[in-house]
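1. Okay, sequence plus prediction incoming.
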Amino acid sequence: MSRVGAGGAPALRTPAALGMWARPWAWLTAPGSPVRLALLRALVGGYLTAWSLARLPAHVGHADQSPVRWQPVGVLAWAGTPLPDAAVVALAVATPVLALLFTLGWRFPLVAPFAALATLVLATLDSSWGQVFHTENLLVLHVGILAMAPAADALGLRSAARPRAGPPVGERYGWPVRLAAVVVVLAYVLAGLAKLRASGLAWVDGEVLRNLVAHDNLRKALLGDAYSPIGTRLVRHGWLFAPMAVASLAVELGAPLALTGGRRRSAWVVGAWLFHVGVLALMAISFPYQLTGVAFAPFLPLERLAARVARLLPGSPAERLVPPT
């Protein structure tokens, strides 16, 4: 049966053949706000622009890597030899430009797929020299999801459809935000399951985590890399690591709670952010996408936050574009 969305717009029909998946499908495809989707695009695109600019020297430097170190993964697994130097430099330089246009929503249906592809290839290139990085995985997935969505129908240059007065909703605008949230949840659940698969319930006594922190910091110290002085001191106090190990597992396996909304969602987002603060403090490993909070933006009522900011700026364009809540 078809449903009617808010504002009288017909909602997507839930296929009867979905069976047990009918309710998840109805949740995923429920109406959403084009403003929230646009704000998510701006946040993710802004982070992508900053990341690709900050990493530009390192990305260009891949052109000078020794071919002996080339160990392609992912979408570059087919490449028996490193990409041509000119292609690497062109990709590194083009990505910030595409990211900025992505952020602004300029000619989004044309620009967004190229920005997503460039981000995927560039992040894969980083991991194709003998060390696989996980810090940009969620960024790549979020950019890919937004590239498939009408994320510039609002608050974008040459937007196709500016939102009118009242809270605009539509099926096209809900699923990308929810899918981006689901991707975050799956990433954390898989990380928790990986811990249990590698060490079983022994993880919860803290010794595995303590040894991991000690080994990582010692390796970095011996190699002359930045390590955590906090972690090196705390490993002397074994009793601290059991509660930290339990907390980390609770955050990862408890990630589905974030999809339930309300206080449970807020508590999980705060817990996940603190989890990454702890990783940074103990092991000097930074996940900037999470630490900036952008990775958790799909869980937040972005249009309400924007409306509050807009009310502080009377007469601003934002005040006219953000609908009342």
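-> Received it, and whenever you're ready, just let me know what you need. Residues are numbered from 1 along each chain as shown.

2. For Val246, see how far away Asp153 is.
-> Per C-beta to C-beta, to the nearest Å, Asp153 is found 44 Å from Val246. Just so you know, the C-beta spots here come from the backbone N, C-alpha and C atoms, and that holds for glycine as well.

3. Neighbour count for these two, which is higher?
-> Applying other C-beta atoms under 10 Å to Asp153 and Val246 shows that Asp153 carries more neighbours, namely 23 against 15.

4. three-state assignment of the more buried one?
-> For Asp153, the assignment made with DSSP: H, G, I helix; E, B strand; the rest coil gives coil.

5. correct me, but it touches Ser33?
-> No: the criterion here is C-beta atoms under 8 Å, and Asp153 misses it with Ser33 at 10.5 Å.

6. Identify the contacts common to those two.
-> Each of Tyr173 lies in contact with both Asp153 and Ser33 under the rule C-beta atoms under 8 Å, 6 or more residues apart in numbering.

7. what is the mean pLDDT for stretch 253-271?
-> The average of the pLDDT scores along stretch 253-271 is 94.

8. distance between the ends of it?
-> Taking C-alpha to C-alpha, to the nearest Å, the span from the opening residue of stretch 253-271 to its closing residue is 12 Å.

9. so where do the helices sit in the stretch 1-150 of the chain?
-> All helices of the stretch 1-150 of the chain, identified by DSSP state H, counting those that start in this stretch, fall at 22-28, 34-54, 56-61, 85-104, 108-126, 137-147.

10. Quick one: the ones you listed as TSV, columns for mean pLDDT, distance to Glu252 and mean neighbour count too.
-> Output for the helices of the stretch 1-150 of the chain, formatted as TSV (pLDDT from 0 to 100; distance: least, C-beta to C-beta, whole Å; neighbours: other C-beta atoms under 10 Å):
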stretch	mean pLDDT	distance to Glu252	mean neighbour count
helix 22-28	81	21	14
helix 34-54	95	22	23
helix 56-61	94	29	14
helix 85-104	96	29	19
helix 108-126	95	22	20
helix 137-147	97	14	22
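
11. May I see those organised as a markdown table, with distance to Arg263 added?
-> Output for the helices of the stretch 1-150 of the chain, formatted as a markdown table (distance: least, C-beta to C-beta, whole Å):
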| stretch | distance to Arg263 |
| --- | --- |
| helix 22-28 | 19 |
| helix 34-54 | 20 |
| helix 56-61 | 40 |
| helix 85-104 | 32 |
| helix 108-126 | 34 |
| helix 137-147 | 24 |
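
12. Per-residue pLDDT of Gly19, please?
-> 66.

13. same question, Gly224
-> 86.

14. how deep is it tucked in, by neighbour count?
-> Neighbour number of Gly224 under other C-beta under 10 Å is 7.

15. separation between it and Glu207?
-> Distance, Gly224 to Glu207, using C-beta to C-beta: 28 Å.

16. Please apply the same query to Gly254.
-> To Glu207, Gly254 is 22 Å away according to C-beta to C-beta.

17. Can you name the element that comes right after the helix ranked longest in the chain?
-> Using DSSP state H to define each element, the chain has its longest helix at helix 171-199. Scanning forward in sequence from helix 171-199 by DSSP states H and E, the next helix or strand is helix 207-223.

18. what mean pLDDT does the next helix or strand along the chain from that next one have?
-> Downstream of helix 207-223, the first helix or strand assigned by DSSP H and E is helix 229-234. What helix 229-234 shows for mean pLDDT is 92.

19. Tell me the buried residues in helix 229-234?
-> Applying a neighbour-count criterion of 16 or more other C-beta atoms under 10 Å, one finds Ile230, Gly231, Thr232, Leu234 buried in helix 229-234.
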